[in-house]
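Chemist: Here is the input, now give the coordinates:
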Amino acid sequence: MKQYIPAFAALALSFMSSALVPALKADQSNKKTEIIIDQPIAVEGTVLSPGSYVMKVLDLPGDRTIVQIFDGEENHLINTIFAAYSVMPADEGTFEFYKSRDGQPTALHTWFYPGDTNGFAFRDSRSFAAE
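Modeler: Numbers count the residues shown, from 1 in each chain. Model prediction:
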């Protein structure tokens, strides 16, 4: 089932420009979520330029915490991330972001699939610069 859902929780909007609100469509089986962004965002050390992307959970027996990010056509795997679980009731799919610093892309903090109470937490991309 395809849905268009809001991308950010109110908390994320408090320190984000409205230009970062991506358009979304989602799929239940692998939590496939199509996003369109119009500003760069960082996800665990990878900066996604404005454009279309697909996020989904890798379907491995016993491990549902591996998130893959593809280009919009799913022709190119951009990043594979071992995310942590985050718990928060979510009636609709949401993305939440770390507070951004001047001159740096906003970093993805959590992703919740519509209706799920478990989401995925990502490390602040700024921590990768120190490694």
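Chemist: All the helices of this structure, in order from the start?
Modeler: Under the criterion DSSP state H, helices of the chain are mapped to 10-14, 126-129.
Chemist: tell me how far the ends of stretch 97-106 are from each other?
Modeler: 7 Å (CA to CA, to the nearest Å).
Chemist: What of stretch 43-57?
Modeler: End-to-end distance (CA to CA), stretch 43-57: 15 Å.
Chemist: what residues does it touch?
Modeler: 27, 30-42, 64-74, 78-79, 81, 105, 107-108, 111, 120, 122-123, 125, 128 (CB atoms under 8 Å, 6 or more residues apart in numbering). C-beta coordinates here come from the backbone N, C-alpha and C atoms, glycine included.
Chemist: related to what we said a few turns ago, weakest of the helices of the chain in terms of mean pLDDT?
Modeler: When the helices of the chain are compared by mean pLDDT, helix 10-14 comes last with a mean of 29.
Chemist: Can you check the pLDDT for W111?
Modeler: Note on W111: pLDDT of 87.
Chemist: Okay, it and D102: tell me how far apart.
Modeler: Between W111 and D102 the computed distance is 25 Å (CB to CB, to the nearest Å).
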